[in-house]
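Asker: Got a sequence here, can you model it:
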Amino acid sequence: MVCATSCSESDDSDTEYDNWQQRNVEHFELMYQRALDSIAKNPTKWKLIKAYSRNPDTEGAHTDYIIVHVLSQKAEHEECTKPSYAESPYYTDSVRVHIRRYLMPSASYNVKSEGFGGFGFQFDSSWLGEYNPQTMVPQSYAVGGDCNAFATAVMNMHLGDRWEICVPYPLTDGSTISSTIPSYSMMFFDITLHSFARSGEKWPAFQ
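Answerer: Have a look, this model is predicted:
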């Protein structure tokens, strides 16, 4: 059972999400500290990226950042259709992505993650079964039409990049899917940038 945002964290009928806010705060801090260690060892595979909406001139809080684990680079995804791989989407652009979103691990849900150890309940997915870019169909989004963390991530990605992302709950903006998840939920994304179109530009041909 997944408690909707209107449910109380103290509801005795649902122990899956007891003390949910505090657990999410503590789990993100654990992921943040692990990321710092991983960045020191392998800065090409791990990143901390400050949310586009936060002040770029200050260090800010840990929760002003998304944590990125780079799974693969653009050269490994030949299905990407846009010829210029050096560019990244703008806030006003539209993107096509392969994406799955998860909550943090809980008693009933723990999906293996290469970088973060485990994901929890999967509440959104653009594909079924195993990851296979040759058969998967991406979903289209306005960069600025989703949550803060989504926009921050895709504006820093290049075509074909596949990232695992750990997002503190202040950057989920309640999520467009908030009716199906508990309040104060940090999130994990598995996201591949397939293609994008500038504002007023036609989409590249889909293959």
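Asker: In its sheet, which strands sit next to the longest strand along the chain, and in what direction?
Answerer: When the chain is parsed with DSSP state E, its longest strand is strand 187-197. Strand pairing for strand 187-197, using DSSP bridges, gives strand 94-102 (antiparallel), strand 162-167 (antiparallel).
Asker: quick one, phi/psi of residue 25?
Answerer: Main-chain torsions, residue 25, degrees, to the nearest 10: phi -60, psi -50.
Asker: for the one 3 residues further on, same thing?
Answerer: Listed backbone geometry of residue 28 is phi -60, psi -40, with angles given as degrees, to the nearest 10.
Asker: Under the pLDDT cut-off, which ranges of the chain? List them.
Answerer: Of all residues in the chain, those with pLDDT under 70 make up the ranges 1-14, 75-86, 174-179, 204-207.
Asker: since we're on residue 158, how many residues are nearby?
Answerer: Residue 158 has 16 neighbours, counted by other Cβ atoms under 10 Å. For the C-beta atoms, the positions are set from N, CA and C on the backbone; glycine is no exception.
Asker: and the nearest residue to it once chain neighbours are set aside, how many neighbours does it have?
Answerer: Once flanking residues are discounted, residue 158 sits nearest to residue 74: 5.2 Å by Cβ to Cβ, 6 or more residues apart in numbering. For residue 74, the neighbour count with other Cβ under 10 Å is 17.
Asker: So residue 74 is in contact with residue 159, correct?
Answerer: Yes. Look at residue 74 against residue 159 with Cβ atoms under 8 Å: they come within range, at 5.2 Å.
Asker: For residue 54, which residues are in contact?
Answerer: 60, 64 (Cβ atoms under 8 Å, 6 or more residues apart in numbering).
Asker: That one in helix, strand or coil?
Answerer: For residue 54, the assignment made with DSSP: H, G, I helix; E, B strand; the rest coil gives coil.
Asker: residue ranges for the strands of the protein, please.
Answerer: Listed in chain order, the strands found in the chain under DSSP E are 46-50, 65-72, 94-102, 111-113, 117-119, 122-125, 139-142, 162-167, 187-197.
Asker: can you tell me how far residue 173 sits from residue 51?
Answerer: According to Cβ to Cβ, to the nearest Å, residue 173 and residue 51 sit 10 Å apart.
Asker: ok, now residue 170?
Answerer: Distance from residue 170 to residue 51, by Cβ to Cβ: 9 Å.
Asker: Need the residues touching each of these two.
Answerer: residue 64.
Asker: and the closest residue to residue 153 other than its chain neighbours, how many residues sit next to it?
Answerer: Leaving aside its sequence neighbours, residue 153 sits nearest to residue 165 (Cβ to Cβ, 6+ apart; 5.5 Å). Counted with other Cβ under 10 Å, the neighbours of residue 165 add up to 25.
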